[in-house]
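Trainee: Sequence and predicted structure below; questions after.
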Amino acid sequence: MGCFSMFRWAVAIIVTIAVVGMLWADTKFERVDAMPAQQISNTRGSNWLLVGSDSREGLSPEQNHELMTGGDVGGNRTDTIMVLHVPTFGKPTLLSIPRDSYVPIPGYGMDKINAAFSFGGPPLLIETVEQSTGLKIDHYAEVGFGGFANAVDAVGGVDLCVDEPIHDDVINFHLEAGCQEFNGAQALSFVRTRSTAQGDIDRAARQRQFLTALAKKVASPTTFLNPFRSFPLVNGVAGSLTVDSGDHTWHLMWAALHMLGGFNTEVVPVGGMDNVDVGSVVLWDETEAEQLFSSLR
């Protein structure tokens with residue numbers, strides 16, 4: 001009886017610590033009113049819009065140099081745009097949207113999809129994604145350069161394999177083919193570079209590869225059972241995330257729990273590239289793209 005009582009107390013303490021930790025992390029998010037005034041009708045499951053912005057906010061000159069961000073360039077743009085679809089049953093799907101995708105932006109006409117973020121922030125980007133994909137966005141999460149690098153360093157780096165060398169003089173990133181461990185600064189350069197044959201399309205593939213590796217590292221016992229990694233990870237990620245005013249820690253945890261069992265990765269089917277008045281753009285294969293979006297609705 002005594003042992004059972006001690007076990008109940010231990011469980012109660014662990015649950016209390018977890019709840020307190022979750023509530024504490026919830027206070028560290030930066031919140032914005034990300035949702036547009038008008039949204040499309042609900043679609044199946046729930047959908048997160050995940051955005052990696054080029055924000056340098058909070059970075060010192062030394063950190064800007066270390067991360068090769070190029071310093072403050074004015075305005076905000078999106079280096080990464082993904083939709084995480086969490087179905088009621090089954091595996092989630094992580095869908096990459098190339099940032100140079102040529103789509104209609106409400107009120108602005110045809111342009112690269114990442115221009116929506118520059119024109120109108122998260123609400124216009126969400127509206128553009130919804131109108132282009134037919135997927136209702138329920139949650140929003142955005143991370144800048146510093147938060148991205150901090151999350152990678154907090155888990156002790158990630159292991160990635162590359163088939164071909166990458167040489168990007170613009171951000172001073174040079175990578176030989178093979179498997180190796182990436183720290184935060186290296187991982188940031190890996191997902192930012194476009195110095196490969198297919199530019200933005202290759203970058204979207206690298207971003208999915210990286211997030212898959214990071215999810216596996218976070219889910220490993222060496223991370224979540226190690227307080228010297230799990231606590232800095234929670235602290236670093238929560239303090240670096242911008243979420244919608246209606247989003248909370250438990251929403252993120254729900255999505256993360258679904259991803260622990262694995263997830264599918266997709267990219268919007270590409271039909272080609274073109275040079276238009278806004279520069280080089282990615283054109284979707286409208287038929288295949290609609291089939292993919294329909295499977296997630």
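Mentor: That came through fine.
Trainee: Tell me the confidence at residue 20?
Mentor: pLDDT for residue 20: 53.
Trainee: One more: residue 154?
Mentor: Looking at residue 154, its pLDDT is 77.
Trainee: separation between it and residue 29?
Mentor: Computed as CB to CB, to the nearest Å, the residue 154 to residue 29 distance reads 16 Å. In this view, the C-beta of every residue, glycine as well, is placed from N, C-alpha and C.
Trainee: for residue 199, same thing?
Mentor: To residue 29, residue 199 is 33 Å away according to CB to CB.
Trainee: more crowded one of the two?
Mentor: Comparing residue 199 with residue 29 by other CB atoms under 10 Å, the one with more neighbours is residue 29, at 21 against 16.
Trainee: what's near enough to touch the more buried one?
Mentor: The contact partners of residue 29, taken as CB atoms under 8 Å, 6 or more residues apart in numbering, are 238, 241-243, 247, 249.
Trainee: Thought residue 162 was touching residue 175, still the case?
Mentor: Yes. Between residue 175 and residue 162 there is a contact under CB atoms under 8 Å: 6.2 Å.
Trainee: Looking at these two, which is more packed in?
Mentor: residue 175 (19 against 16).
Trainee: Flag the shaky bits of the protein, pLDDT-wise.
Mentor: Low-confidence regions of the chain, defined here as pLDDT under 70, cover residues 1-25, 54-77, 145-147, 219-239.
Trainee: which strands and helices sit next to the helix or strand hosting residue 130?
Mentor: Remark: residue 130 resides in helix 115-133, with elements defined by DSSP states H and E. Using 3 or more CB pairs under 8 Å, 6 or more residues apart in numbering; DSSP states H and E as the contact test, the elements touching helix 115-133 are strand 46-53, strand 78-86, strand 102-105, strand 139-143.
Trainee: Which of the ones you listed sits closest to residue 271?
Mentor: Shortest distance between residue 271 and these, using CB to CB, is found for strand 102-105: 10.3 Å.
Trainee: follow-up on the earlier one: can I get the helices and strands packed on helix 115-133 in a markdown table with distance to residue 96 and mean neighbour count?
Mentor: A markdown table is the format used below for these (distance: least, CB to CB, whole Å; neighbours: other CB atoms under 10 Å):
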| stretch | distance to residue 96 | mean neighbour count |
| --- | --- | --- |
| strand 46-53 | 10 | 23 |
| strand 78-86 | 5 | 23 |
| strand 102-105 | 14 | 19 |
| strand 139-143 | 15 | 23 |
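Trainee: quick one, which of those strands is nearest to residue 33?
Mentor: The closest of those to residue 33 is strand 139-143. By CB to CB, the value is 9.8 Å.
Trainee: so the helix or strand that comes right after the closest one versus strand 78-86, what angle?
Mentor: From strand 139-143 onward toward the C-terminus, using DSSP H and E, the following helix or strand is helix 145-154. When axes from the mean of the first three to the mean of the last three CA atoms, to 10 degrees is applied, the directions of helix 145-154 and strand 78-86 differ by 60 degrees.
Trainee: could you dump helix 145-154 to PDB, C-alpha only?
Mentor: Once side chains and other backbone atoms are set aside, the C-alpha atoms of helix 145-154 remain, and they are given as PDB (Å, rounded to 0.1, in the frame of the first residue of the first chain):
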ATOM      1  CA  PHE A 145      16.500  32.900 -38.100                       C
ATOM      2  CA  GLY A 146      17.700  33.000 -34.400                       C
ATOM      3  CA  GLY A 147      14.900  30.700 -33.100                       C
ATOM      4  CA  PHE A 148      15.600  28.200 -35.800                       C
ATOM      5  CA  ALA A 149      19.300  28.000 -35.000                       C
ATOM      6  CA  ASN A 150      18.600  27.800 -31.300                       C
ATOM      7  CA  ALA A 151      16.200  24.900 -31.700                       C
ATOM      8  CA  VAL A 152      18.800  22.900 -33.600                       C
ATOM      9  CA  ASP A 153      21.500  23.600 -31.000                       C
ATOM     10  CA  ALA A 154      19.200  22.800 -28.100                       C
END
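Trainee: Parallel or antiparallel, which strands does the next helix or strand after that helix pair with?
Mentor: From helix 145-154 onward toward the C-terminus, using DSSP H and E, the following helix or strand is strand 158-162. Sheet pairing of strand 158-162 (DSSP bridges) gives strand 178-182 (antiparallel).
Trainee: Identify the residues contacting the following helix or strand past the partner strand?
Mentor: Tracing the chain past strand 178-182, the next element assigned as helix or strand by DSSP H and E is helix 184-192. For helix 184-192, the external contacting residues (CB under 8 Å, 6+ apart) are 52, 66-68, 79-80, 145, 148-153, 157-158, 160, 166, 168, 171, 173, 175, 182, 203, 206-207, 210.
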